[in-house]
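**Q** Predicted model follows, preceded by the sequence.
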Amino acid sequence: MTTSTEISLIGTDFKVKDVESMMRLKGSDLREAILEVLGTEGSAEDPKVSILLDYYSFVVHFCRKNNFTGEKASCFLSVAKRVHDA
């Protein structure tokens, strides 16, 4: 007998309220918010951190462009994080 387990990524890495706030931001404000949510050490001036911020900024832009809800964007950002961490 197969048991199905529902897995939800909503709010696991990115809280919905944080994502909803990030989706209203652009440019350096968005990058600062992402840096704060991720808790990444270093500054946006560090090339590795800058690339990571670009990655998540593009993900947030995609979510905004496609009218994702906060829940959907939170889940999508968690998927993007898992792809990056792999």
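**A** Good, I have the coordinates.

**Q** okay, CA-based contacts and neighbour counts for the rest of this
**A** OK.

**Q** Name the residues that touch the longest helix along the chain?
**A** Counting residues, the longest helix in the chain under DSSP state H turns out to be helix 47-65. By CA atoms under 8 Å, 6 or more residues apart in numbering, the list of residues contacting helix 47-65 from outside reads 22-23, 30-31, 34-35, 40, 42-44, 73, 76-77, 80.

**Q** out of those, who has the most neighbours?
**A** Scoring the contacts of helix 47-65 on neighbours with other CA atoms under 10 Å, the highest-scoring entry is Ala73 at 26 neighbours.

**Q** what about the closest residue to that one other than its chain neighbours, distance to Ala44?
**A** Distances taken as CA to CA, 6 or more residues apart in numbering place Cys63 nearest to Ala73, at 5.8 Å, with adjacent residues excluded. Using CA to CA, to the nearest Å, we find Cys63 at a distance of 22 Å from Ala44.

**Q** Could you do Ile51 as well?
**A** For Ile51, the distance to Ala44 equals 9 Å [CA to CA].

**Q** wait, what's in contact with the residue nearest to the spatial centre of the chain?
**A** In the chain, the C-alpha nearest the mean C-alpha coordinate belongs to Leu77, at 3.7 Å (CA atoms, centre = their mean). By CA under 8 Å, 6+ apart, the contact list for Leu77 reads 13-14, 56, 59-60.

**Q** mind checking which helix or strand Ser43 is in?
**A** Using DSSP states H and E, Ser43 is not contained in any helix or strand.

**Q** Quick one: residues contacting it.
**A** Contact analysis of Ser43 by CA under 8 Å, 6+ apart lists 49-50.

**Q** how near is it to Thr12?
**A** 24 Å.

**Q** With Arg82 instead?
**A** Plainly put, Arg82 is 11 Å away from Thr12 if you go by CA to CA.

**Q** Could you do Glu41 as well?
**A** 20 Å.

**Q** for Asn67, same thing?
**A** As judged by CA to CA, Asn67 and Thr12 stand 21 Å apart.

**Q** try Phe62
**A** Separation of Phe62 from Thr12 (CA to CA) stands at 20 Å.
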